[in-house]
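here is my input; please provide its structure:
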Amino acid sequence: MQTQWLIPLDGSDQALRALDLAVEEGQARVVKPELVLLHVQAPLSSDITRFIDGKTVDDYHREGGEKVLQPAREALAASGLAYSAHIMVGEIAPTIAEFANSKGCSKIIMGAHGTGSALGLLLGSVSAKVIHLSPLNVLLVH
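So this is what the prediction gives:
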């Protein structure tokens, strides 16, 4: 069975650095992992969605997700590593943790970014929540 590593992507440079690290680590292994790319978008407010049909909302999320995933797809094209790409809508940290568990991933490799809090100096709020919610090893990349 092939090992799967989850790489959450949000369009940030740190997320792309996490992908670069995953590719480098994956290529160095005898048994290559499959990289599972995930972009999670927060749901639109009901103040907006009550005036827009469901297909338009779905298209909005799909197009936004594809825009974020495209640089990762391009980076992986020449890597020789298998990958899959997924777009989901939900609360970001719990969705990442639940998705990693449901896919049987062995670890999560993600970008970390600072906020204004003391914890935020080292971890972003999403990465801190993922660490708290997931039983998997989470590798953070600055």
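
show me the strands in this protein, by range?
4-8, 34-41, 83-89, 107-111, 137-141 (DSSP state E).

list the buried ones in stretch 55-67?
60-61, 65 (16 or more other C-beta atoms under 10 Å). Yep, even glycine has a C-beta here, placed from its N, CA and C like the rest.

so which of these belong to helices?
Among these, the ones falling in helices (DSSP state H) are 60-61, 65.

measure the most far-flung residue of the chain relative to its centre to H61 for me?
Distance from the centre of the chain peaks at F51, with 29.4 Å (C-alpha atoms, centre = their mean). The gap separating F51 from H61 is 16 Å, by C-beta to C-beta, to the nearest Å.

just to revisit the earlier point, pipe the ones in helices among the buried residues of stretch 55-67 into JSON lines and attach distance to V30 and pLDDT per row.
Below are these laid out as JSON lines (distance: C-beta to C-beta, whole Å; pLDDT from 0 to 100):
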{"residue": "Y60", "distance to V30": "42", "pLDDT": "90"}
{"residue": "H61", "distance to V30": "38", "pLDDT": "92"}
{"residue": "G65", "distance to V30": "33", "pLDDT": "96"}
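
nearest to P8 among those residues?
Minimum distance to P8 across these is 11.9 Å, recorded for G65 (C-beta to C-beta).

and that closest one, what does it touch?
Neighbour list for G65: 39, 41, 87 [criterion: C-beta atoms under 8 Å, 6 or more residues apart in numbering].

burial count for the second one?
Yep, that's Q41 we're talking about. For Q41, the neighbour count with other C-beta atoms under 10 Å is 18.

surely it touches M88?
Yes - applying C-beta atoms under 8 Å, one finds Q41 in contact with M88, separated by 7.5 Å.

show residues contacting the worst-scoring helix or strand of the chain on mean pLDDT.
Least confident helix or strand of the chain, by mean pLDDT, DSSP states H and E, is helix 46-49 with a mean of 75. Defining contact as C-beta under 8 Å, 6+ apart, one finds that helix 46-49 is touched by 43, 57.

list the contacts for the residue farthest from the centre of the chain?
Applying C-beta under 8 Å, 6+ apart, no residues contact F51.

pLDDT value on the nearest residue to Q2 once chain neighbours are set aside, please?
Excluding its sequence neighbours, the residue lying closest to Q2 (C-beta to C-beta, 6 or more residues apart in numbering) is E34, at 5.1 Å. Per-residue pLDDT puts E34 at 98.
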